[in-house]
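Q: whatever this is, show me its structure:
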Amino acid sequence: MRDLPLSLLDITQMDLSQHEFAFLSACETAVGDIATPDEVIHLAAGLQFAGVKSVVGTLWKVNDSTVHCLVEMISRRAAQALHQAVHSLARDKDMPLE
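A: Numbering: from 1, shown residues only. Here you go, the predicted model:
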């Protein structure tokens, strides 16, 4: 594949089921091709079809600074959620943590 472009068909034929999350920060990654407006497969859908459990894509044009802020907010909230979940498990006497 290094010599050829990676196509959406290539992606949909991959087994990506071991991947939990994909964040697509390019513009309009959840929008189909203008030449085929009735098609429902776009990059975000293709990744889900290949097995990625959660995919974040965009339906609009975004600039780099906007995406940067969004990624920081998602990362911060994900870290906070993980922290809260670990503390919740630690308080649960029936949950072995060893």
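Q: show me where this protein has its strands.
A: 21-23, 54-56 (DSSP state E).
Q: okay, those strands in a markdown table with distance to H68 and mean pLDDT next?
A: (Glycine included, C-beta is placed from N, CA and C.) Shown next, in a markdown table, are the strands of the chain (distance: least, Cβ to Cβ, whole Å; pLDDT from 0 to 100):
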| stretch | distance to H68 | mean pLDDT |
| --- | --- | --- |
| strand 21-23 | 12 | 89 |
| strand 54-56 | 14 | 89 |
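Q: now the helices for this protein?
A: Along the chain, the stretches classed as helices by DSSP state H are 8-12, 43-49, 64-91.
Q: before we move on, back to that, now distance to D92 too, for the strands of the chain, in TSV please.
A: Converted to TSV, these look like this (distance: least, Cβ to Cβ, whole Å):
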stretch	distance to D92
strand 21-23	26
strand 54-56	26
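Q: wait, which of those is closest to H87?
A: Among the strands of the chain, the nearest to H87 by Cβ to Cβ is strand 21-23 (22.4 Å).
Q: who does that closest one pair up with?
A: Strand 21-23 pairs in its sheet with strand 54-56 (parallel), by DSSP bridges.
Q: what residue lies at the spatial centre of the protein?
A: Residue closest to the mean C-alpha point of the chain, counted by Cα atoms, centre = their mean, is A22 at 2.3 Å.
Q: circling back: quick one: closest of the strands of the chain to L6.
A: When those are compared by Cβ to Cβ, strand 21-23 sits nearest L6, at 14.0 Å.
Q: please name the nearest non-neighbouring residue to Q48.
A: V55 (5.2 Å; Cβ to Cβ, 6 or more residues apart in numbering).
Q: tell me, how many residues neighbour the one you found?
A: 21 (other Cβ atoms under 10 Å).
Q: do the one 4 residues further on as well
A: Other residues within reach of L59, judged by other Cβ under 10 Å, total 12.
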